[in-house]
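Engineer: Curious how this folds, go ahead:
(3 chains)
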Amino acid sequence: MITLQVLNGLVYGSLLMIMTSGLVLIYGLRRIVNFAHGSLYMLGAYVGYTVSLYLNPWAALAASALVLAVGGFLLDRYGFRYLQDRDPLTTVIVTYGLLLILEDIVQSFWGKTNYTMDAPGILRGSVEMFCTSFPFYRLSIIIAGAVITGGLMLWLRWSRMGLFIRAASTDPVTTAMQGVNTDRISGGVVALGAALAGIAGVIAAPFLSLSPTMGSDILIDSFVVVVIGGLGSFGGAFIAAMVVGQIQTLGAVYLPEFASLLPFCLMLAILIGKPSGIAGSRV
Amino acid sequence: MNEAYALEVENLTVRYGGVVAVNGVSLKLKRGEIRGLIGPNGAGKSTVIDAISGRRASTGKVLLDGREISSLNVVQRRWIGLSRSFQRTSIFPAMRVRDQIKVAAARIPDCDVDELLEEFGLVPFQDKVAAEIGYGDQRRLDLSLAFLGKPSVLLLDEPMAGLSSEESRRLADHLQNLTRNWGVSLLLVEHDMEIVFGISDVVTVLESGKLIAENKPDIVRADPHVRAAYLGSAA
Amino acid sequence: MKYSMQIFRAAALVVAAGAVGACLPLLITSANVLSLMTQAVIYAIGTLGVGFLLRQNGHVSFGHAAYYGLSGYGIVLCSKFLGLTTGPAILLVISLTGLFAFVVGLVIVRTPGIAFAMITLAIGQVFYILMAKARGFTGGVDGLVVEMSEKIFGLSSNLFGKPGSMFVVCWLTLVLVVFLLSLLIRSRFGALTEAIRENEERARFIGYKTVVPRAAIYTVSAMVCALAGTLSSLYSAFVSPDSLHWSLSGSLLVASLLGGTSLLSGTVIGAAVYFLLKDVLSEVTTHWMSIIGVCLIAVIVFWPEGIAGGLSRGARKLRALAGRS
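Structural biologist: I've put the predicted structure just below:
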């Protein structure tokens, strides 16, 4: 029984990992805490849902990623670019305003009902592992999470673009002076971050189903992960995502009444001891 | 107080990361003395000031007027008379000049705000917001906050940074007068050699965290090791 | 102007404002309008709590709703388990809130920037979850009815439920809070906390301990929110976990930014405008969230100092016109 729950924890942790990769990318490059990230996730899920009704789930994934990528690029080009030098509070408010707008958009087009989305055909069914029967779709989420985050980290570490991104994250001014077009990179990175949120939404839809509150639900958990892990750190976010994923899932089973408290208690404990989070960073 | 030395530093060592920024530095400041602290870039001068003022952790002993203060924190050290200014101007940008001085003076009994404003030439700007006054005036504000309450020992970290040579000279004269009139002892880190050699009673030279020379200005100036240290770092 | 003259002038303004506000229910007879105004005033008091913390400490709190909501629950629980009448219960709850906030403040004011905001978010949500889940104690998500004793501080408790009389109570409370906060801001302690906000390190190098003053400001802000929450629960005779949710904290924060924190009057006006705007819009259109979102973005981008900034600028221009500068 516990194996099953641990596996479920890995699923949620993987989802959080995909979400927070986007947050970390955006924060790293633009120093912006994106309050609207949960809404982007939600938008991705709903867009994916609609596309999957007419086409297939794979097209849904692609459509969602594309729509969100374009949206993210525009957001950076016409929004974040002008805000990054302002007081961080300004960006919090602006992204909060964006959250309100996106929630309204979702509610206007899709209403307030919950929807369910089916997993793609070939990913249905269960698989026997670790003495328990585990839905194959959930396993594929874990795999997807690993592939996406692993790929992301490798790309950042070894590619030329990745080098530019890491440089721009550390010191945007100097990097720009070296001739790197930081604005274009930021546009790409925010687009990627938004796309990741959308992908997370589509992937989560068969697992968690769609609801008007799905955005804020995962937003809080994502923030908890990012802050515990250390703002701007992928490695820290990874560890934190796995931990929070386990806490949420095991908590829901063994301590149902107060499970939702646990991530916050963990965050409090860590922040009070080490405000820069596990990996430590620019707070 | 009849203590021989206003400030004594024994075997001060500062380590961070794998680097030893300050390596066993010792010095003794007499009451009313102006001590120049020079050295090539990266010698550890600012770090010494940070360590003595308590801003950075260090090993070794610091004594103020004969009293050991090594275990005291920044706030406590200021209370008993060890004050400092900052290389990068550290003031309260959104507050008016007069208000800042008033707040700072509030914890010191019988502190004359107007006298301080006069002394540091801040009277014309007293009602202006600090962020809006000129750079030189901001530096003097930074200094005035350090001089408030006539502390025993003042650590000044490149007070002339960014000032024109005219302004620097005037400030140097001003510091000399204050030291004589107010009886404070001064440890001055500065890059402008003319100024330092001009007003210091004794000059201490650091290189790579170690003390390599300490003597009257003329002797230090002629010291071949000191020259080598500067030339070496420039090469 | 001398401090004592300032106090005198402020006191005179307070009395005048109080009197004007107290007369409004005589002129406005619609119970709906009065009710809306009452709620706007309560909201303004809550916003003052959050805005004051932002102003004096530069701290962003996403958890002040906890203080707002817990005060209501506190009153109910004090009556149930301690047998207190409502009046003493209110005093006890606000005092305990202050004590609790001070202890919390001592711990958390040291944390910088975003970490502070996240900590407050976490604390707020912890209390939200506790209140929502502890059904036995708190009635869970359904909330609790606030049963009031017959008299509260000598006044009939009916007064607190009726829009007209409650408006006067809330308005006078608002005026008093504004007065006390402005005294605090203008005092030496206020100047000290502003200095600490501006440059904490330098404040320490001047010889000031910085943790206790900032914790004290946090405490004051928490108590102001608790006061607002008390009024709210007395008015609606009801408390629910929603009054602790981070979305309320966020809303108060947004209102304080719209109003601007440089002038207390700006915060109050901003809060009232924001509250009424939300209320009116939500009746008129289902897209009120988008409109608020757009307005929010517009205001913060083009008028970062909020309404207070506009007021200050206006006041400066008036003074310049009048020949003084």
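Engineer: Quick check: which ranges of chain A have low pLDDT?
Structural biologist: Applying pLDDT under 70 to chain A picks out residues A:277-283.
Engineer: Output the longest helix belonging to it.
Structural biologist: The longest helix of chain A (DSSP state H) is helix A:2-30.
Engineer: so how far is stretch A:239-247 from its chain's centroid?
Structural biologist: The chain centroid and the centroid of stretch A:239-247 are separated by 14 Å, computed with CA atoms, centre = their mean, to the nearest Å.
Engineer: for the longest helix of chain A, the distance to its chain's centre please.
Structural biologist: Centroid separation for helix A:2-30 versus its chain: 7 Å, with CA atoms, centre = their mean.
Engineer: Tell me the spacing between residue B:94 and residue C:194.
Structural biologist: 8 Å (CB to CB, to the nearest Å). The C-beta positions use only the backbone N, C-alpha and C, and glycine is treated the same way.
Engineer: Residue C:166 too?
Structural biologist: 35 Å.
Engineer: Around residue A:213, count how many other residues there are.
Structural biologist: Neighbour count for residue A:213, taken as other CB atoms under 10 Å in any protein chain shown: 12.
Engineer: how much space between it and chain B?
Structural biologist: According to CB to the nearest CB, to the nearest Å, residue A:213 and chain B sit 40 Å apart.
Engineer: the strands in the stretch 51-200 of chain C, which residues?
Structural biologist: Assigned strands in the stretch 51-200 of chain C, in chain order: C:144-145, C:151-152, C:155-156 (criterion: DSSP state E, counting those that start in this stretch).
Engineer: name the helices or strands packed onto the last one?
Structural biologist: I take that to be strand C:155-156. Using 3 or more CB pairs under 8 Å, 6 or more residues apart in numbering or on different chains; DSSP states H and E, no helix or strand is in contact with strand C:155-156.
Engineer: Show me where the stretch 151-300 of chain C dips below the pLDDT cut-off.
Structural biologist: In the stretch 151-300 of chain C (pLDDT under 70), no residue qualifies.
Engineer: near chain A, which residues of it?
Structural biologist: C:246-247, C:250, C:254, C:257, C:286-290, C:292-297, C:300 (CB under 8 Å from any CB of the partner chain).
Engineer: Now narrow those residues to whatever sits close to chain B.
Structural biologist: Residues of these in contact with chain B (CB under 8 Å from any CB): none.
Engineer: Quick one: buried ones out of these?
Structural biologist: In those, burial by neighbour count holds for C:246, C:250, C:254, C:257, C:287-290, C:292-297, C:300, counting by 16 or more other CB atoms under 10 Å in any protein chain shown.
Engineer: now that we're looking at residue A:112, how far away is residue A:214 from it?
Structural biologist: Separation of residue A:112 from residue A:214 (CB to CB) stands at 12 Å.
Engineer: Residue 3: what's it in contact with?
Structural biologist: I went with chain A, as the question did not name one. A:130-132 (CB atoms under 8 Å, 6 or more residues apart in numbering or on different chains).
Engineer: Sorry, I should have been clearer: chain C.
Structural biologist: Counting by CB under 8 Å, 6+ apart, residue C:3 touches C:186-187.
Engineer: hang on, the earlier thing: export the strands of the stretch 51-200 of chain C to a markdown table and tack on distance to residue C:59 and mean neighbour count?
Structural biologist: Shown next, in a markdown table, are these (distance: least, CB to CB, whole Å; neighbours: other CB atoms under 10 Å in any protein chain shown):
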| stretch | distance to residue C:59 | mean neighbour count |
| --- | --- | --- |
| strand C:144-145 | 31 | 18 |
| strand C:151-152 | 33 | 17 |
| strand C:155-156 | 36 | 12 |
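Engineer: need the ones you listed in JSON lines with distance to residue C:96, can you?
Structural biologist: As requested, those are exported to JSON lines (distance: least, CB to CB, whole Å):
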{"stretch": "strand C:144-145", "distance to residue C:96": "18"}
{"stretch": "strand C:151-152", "distance to residue C:96": "18"}
{"stretch": "strand C:155-156", "distance to residue C:96": "23"}
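Engineer: Which one of these lies nearest to residue A:92?
Structural biologist: In terms of CB to CB, the element of the strands of the stretch 51-200 of chain C nearest to residue A:92 is strand C:144-145, at 32.7 Å.
Engineer: Ramachandran angles for residue B:148?
Structural biologist: Residue B:148 adopts backbone torsions of phi -50, psi 130, taken as degrees, to the nearest 10.
Engineer: Excluding sequence neighbours, find me the nearest residue to it.
Structural biologist: Excluding the flanking residues, the one nearest residue B:148 by CB to CB, 6 or more residues apart in numbering or on different chains is residue B:104, at 5.2 Å.
Engineer: Same check on residue B:45?
Structural biologist: residue B:189 (4.5 Å).
Engineer: Residue A:146 too?
Structural biologist: Closest residue in space to residue A:146, ignoring its immediate chain neighbours: residue A:14 at 6.9 Å, by CB to CB, 6+ apart.
Engineer: Enumerate every residue touching the one you found.
Structural biologist: A:141-142, A:144-146, A:241, A:245.
Engineer: Show me which of the residues you listed is closest to chain B.
Structural biologist: Comparing those against chain B with CB to the nearest CB places residue A:241 closest, at 29.4 Å.
Engineer: now that closest one, what's its secondary structure?
Structural biologist: Classification of residue A:241 using DSSP: H, G, I helix; E, B strand; the rest coil returns helix.
Engineer: Please report phi then psi for the residue in chain A positioned nearest to chain B.
Structural biologist: Nearest residue of chain A to chain B: residue A:87, at 12.7 Å (CB to the nearest CB). Main-chain torsions, residue A:87, degrees, to the nearest 10: phi -50, psi 130.
Engineer: ok, now which ones touch it?
Structural biologist: Under the criterion of CB under 8 Å, 6+ apart, the contact list for residue A:87 reads residue C:304.
Engineer: Can you name the residue of chain B nearest to chain A?
Structural biologist: Nearest to chain A in chain B, going by CB to the nearest CB, is residue B:94, at a distance of 12.7 Å.
Engineer: Not counting sequence-adjacent ones, nearest residue to that residue?
Structural biologist: Nearest residue to residue B:94, sequence neighbours excluded (CB to CB, 6+ apart): residue C:198, at 5.6 Å.
Engineer: Strands of chain B, residue ranges please.
Structural biologist: B:5-16, B:19-30, B:34-38, B:59-64, B:67-68, B:82-84, B:153-157, B:185-189, B:202-207, B:210-215 (DSSP state E).
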